[in-house]
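Enquirer: structure for the following, please:
(one chain, ligands or ions: 1)
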Amino acid sequence: MSLLSAPMNKITLRAIQGGILAAGAPIGWLIIRVFSGSEPLAELQQHWSLYAYMLFGTQMVFITFSIYVGRQEQLISNLAIRDSLTGIFNLRFMVERMNEEIANAQRYNTALSVIYCDLDHFKKVNDQYGHPGGDEVLRQVTKAISFKTRTQDVFARVGGEEFAILLPQCNHSDAIDYAERIRKTVEQLPIQIPTKPAFGVTISLGVATLKEHETVNDFYKRADQNLYLAKQQGRNKVVA
Ligand SMILES: Nc1nc2c(ncn2[C@@H]2O[C@H](COP(=O)(O)OP(=O)(O)OP(=O)(O)O)[C@@H](O)[C@H]2O)c(=O)[nH]1
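Expert: Numbers count the residues shown, from 1 in each chain. Just a heads-up that it's a prediction; the model follows:
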């Protein structure tokens, strides 16, 4: 990934800090010269090209290094909240965001829904295509679902082949429609594994919409129970 394609917030901050720090070099040199008896204005007029060079040169070095540091910081913070196989959020981040979104929904009286989903018969996929083949299925399915999510949604891998999608400001019927769209997307997705013919997988989904005064555990448990029912009712289903 190039520096330019990285999120800009932390990197821009580090670049600005680097630029400010870089100004220390010519200022420091000017102070030394003044202490050695030079008159500041005359010093600047006489050696303006040296000061300009120092300012520009150190700015280039500091800003380049600061962008690199910002990029590394961004990568480290991403590692803490992202699943390494699929690149989507991890369970830890989902729990954190779920607590925040429940608090927001209860404070501002807005809707909040969650979809809990699990690939069907994934053990068979692993048995047939091997563990690396199963990993590839997980990557392709999560990529296809990611295209369907809105920016405010939180899509996370919460278990081996289990995922959760937290839907802020989404009521029950919209969440059901949404889950149905995801089910169809996965059902229609041609999975491509090198040297193998394309094949398909299906997913079961449980939906829950937050009730008044409901705790995070009860909310999540209802979605999980609905997922369990979807599995019991034959899989490749949405239960709400
Ligand atoms: N390739 C791969 N497989 C995984 C990963 N994590 C878990 N699994 C496999 O996922 C499978 C889950 O199997 P089960 O829990 O029996 O569920 P299932 O076969 O999907 O059946 P149902 O959920 O009942 O439809 C197991 O074979 C695990 O080894 C992973 O990161 N990569």
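
Enquirer: going forward, measure contacts between C-alpha atoms and count neighbours the same way
Expert: Fine.

Enquirer: are we agreed that Ile165 is in a strand?
Expert: Yes: applying DSSP: H, G, I helix; E, B strand; the rest coil, one finds Ile165 inside a strand.

Enquirer: from the ligand, how far out is the residue nearest to it when sequence neighbours are not counted?
Expert: In space, and not counting its chain neighbours, Ile165 is closest to Phe155: 4.5 Å by CA to CA, 6 or more residues apart in numbering. Distance from Phe155 to the ligand, counting by CA to the nearest ligand atom, to the nearest Å: 16 Å.

Enquirer: okay but Phe155 is in contact with Ala144, surely?
Expert: No: using CA atoms under 8 Å, Phe155 makes no contact with Ala144, being 11.8 Å away.

Enquirer: who has more neighbours, those two?
Expert: For Phe155 and Ala144, the more surrounded residue by other CA atoms under 10 Å is Phe155, and the numbers stand at 25 against 14.

Enquirer: near Gly37, how many other residues are there?
Expert: Around Gly37 there are 9 residues (other CA under 10 Å).

Enquirer: sec struct for it, please.
Expert: coil.

Enquirer: find me the pLDDT at it, would you?
Expert: Here, the pLDDT recorded for Gly37 equals 90.

Enquirer: next one: the one 3 residues further on
Expert: The confidence metric pLDDT takes the value 88 at Pro40.

Enquirer: tell me how far Leu227 lies from the ligand.
Expert: Relative to the ligand, and taking CA to the nearest ligand atom, Leu227 is found at 10 Å.

Enquirer: tell me which helix or strand that residue sits in.
Expert: Using DSSP states H and E, Leu227 maps to helix 216-232.

Enquirer: mean confidence score for the longest helix anywhere in the chain?
Expert: When the chain is scanned for its longest helix (criterion: DSSP state H), the result is helix 48-81. Average pLDDT, helix 48-81: 86.

Enquirer: counting neighbours, which bits of it end up buried?
Expert: Residues of helix 48-81 classed as buried by neighbour count (16 or more other CA atoms under 10 Å): 51, 54-55, 58-60, 62-63, 66-71, 74, 81.

Enquirer: determine which two of these are furthest apart.
Expert: Tyr51 and Ile81 (44.4 Å; CA to CA).

Enquirer: quick one, phi/psi of the residue in the chain sticking out farthest from the centre?
Expert: In the chain, Gly37 marks the outermost C-alpha relative to the chain mean, sitting 56.3 Å out by CA atoms, centre = their mean. Gly37 adopts backbone torsions of phi 110, psi 0, taken as degrees, to the nearest 10.

Enquirer: ditto for Asp118
Expert: phi -150, psi 130.

Enquirer: next, count neighbours for it.
Expert: 26.

Enquirer: and for it, nearest residue in space, chain neighbours not counted?
Expert: Per CA to CA, 6+ apart, closest to Asp118 is Glu162, 4.4 Å.

Enquirer: contacts for stretch 77-87?
Expert: Ile88, Phe89, Asn90, Arg92, Phe93, Asp135, Leu138, Arg139, Thr142, Lys143, Ala156, Arg157 (CA atoms under 8 Å, 6 or more residues apart in numbering).

Enquirer: which of the residues you listed fall in strands?
Expert: Phe89, Asn90, Ala156, Arg157 (DSSP state E).

Enquirer: worst-scoring helix or strand of this protein, pLDDT-wise?
Expert: Sorted by mean pLDDT, DSSP states H and E, the helices and strands of the chain end with helix 8-22, the least confident at a mean of 80.

Enquirer: what's the angle from it to helix 48-81?
Expert: Orientation check (axes from the mean of the first three to the mean of the last three CA atoms, to 10 degrees): helix 8-22 against helix 48-81 gives 150 degrees.

Enquirer: tell me which residues in helix 8-22 are buried?
Expert: Residues of helix 8-22 classed as buried: Lys10, Ile11, Thr12, Arg14, Ala15, Ile16, Gly18, Gly19, Ala22 (neighbour count, 16+ other CA under 10 Å).
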